[in-house]
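Participant: no FASTA, just this:
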Ligand SMILES: [Zn+2]
């Protein structure tokens, strides 16, 4: 899973995405990946690098009711993006790669990745949760949001 995620490249992968019927997620964000994003975007999304995380049977708990809406994509829905509302601060617990219990708090973009990957384990794709009428190709990412659409950012 780690090799597939890195080869894609992506910042996260869930086992069902590659046909493995287990509750395993891997995620990682690097200085290099972040360097490809725009500075304003990185700040707004609260995106910071973090080391590789492997979590078995992850369980999420939101740490506050704060939410944010940003565009996200998925390796299983290649070439598209949509705006999705996610919790800003979550706690994830589960087992690590070595089988030992782990628990950590995540915020910003890392919290978003965790929610996205855990959704995969329940058969949910971001398109099931997207803000309606925001689905678009990567080429059209910068087009204006539809009228009546909630603004991007932290609500
Ligand atoms: Zn995905």
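Facilitator: In hand now; what should we look at? Predicted model, so just to flag it, every value in this text is computed and none were measured.
Participant: pull out the buried residues from stretch 145-152.
Facilitator: For stretch 145-152, the neighbour count (16 or more other C-beta atoms under 10 Å) marks 145, 152 as buried. Just so you know, the C-beta spots here come from the backbone N, C-alpha and C atoms, and that holds for glycine as well.
Participant: before we move on, what about stretch 15-35?
Facilitator: 15, 16, 17, 23, 24, 25, 26, 27, 28, 29, 34.
Participant: so can I have TSV of those showing pLDDT?
Facilitator: Putting the buried residues of stretch 15-35 into TSV (pLDDT from 0 to 100) gives the following:
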residue	pLDDT
15	98
16	98
17	98
23	98
24	98
25	98
26	98
27	98
28	98
29	98
34	97
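Participant: just those residues: which are in strands?
Facilitator: 24, 25, 26, 27, 28, 29 (DSSP state E).
Participant: roughly how far does residue 143 sit from residue 45?
Facilitator: 19 Å (C-beta to C-beta, to the nearest Å).
Participant: scratch that, residue 107 is what I was asking about
Facilitator: For residue 107 relative to residue 45 (C-beta to C-beta), the value is 11 Å.
Participant: neighbour count: these two, which is higher?
Facilitator: The residue with more neighbours, out of residue 107 and residue 45, is residue 45; 21 against 17, by other C-beta atoms under 10 Å.
Participant: enumerate every residue touching the residue nearest to the more buried one when sequence neighbours are not counted.
Facilitator: What sits nearest to residue 45 in space, not counting adjacent residues and going by C-beta to C-beta, 6 or more residues apart in numbering, is residue 109, at 4.8 Å. Contacts here follow C-beta atoms under 8 Å, 6 or more residues apart in numbering; on that basis residue 109 touches 29, 45, 46, 47, 48.
Participant: farthest pair within these?
Facilitator: Spatial extent of those (C-beta to C-beta) is set by the pair 29 and 46 at 11.5 Å.
Participant: dead centre of the protein: give me the residue that sits there.
Facilitator: The centre of the chain sits closest to residue 113, judged by C-alpha atoms, centre = their mean, with a distance of 2.2 Å.
Participant: chain center to the lengthiest strand in the chain, what's the gap?
Facilitator: Ranked by number of residues, the top strand in the chain under DSSP E is strand 50-62. Relative to its chain's centre, strand 50-62 lies at 11 Å (C-alpha atoms, centre = their mean, to the nearest Å).
Participant: packing partners of that strand?
Facilitator: The contact analysis (3 or more C-beta pairs under 8 Å, 6 or more residues apart in numbering; DSSP states H and E) places strand 50-62 against strand 24-29, strand 89-95, helix 108-121.
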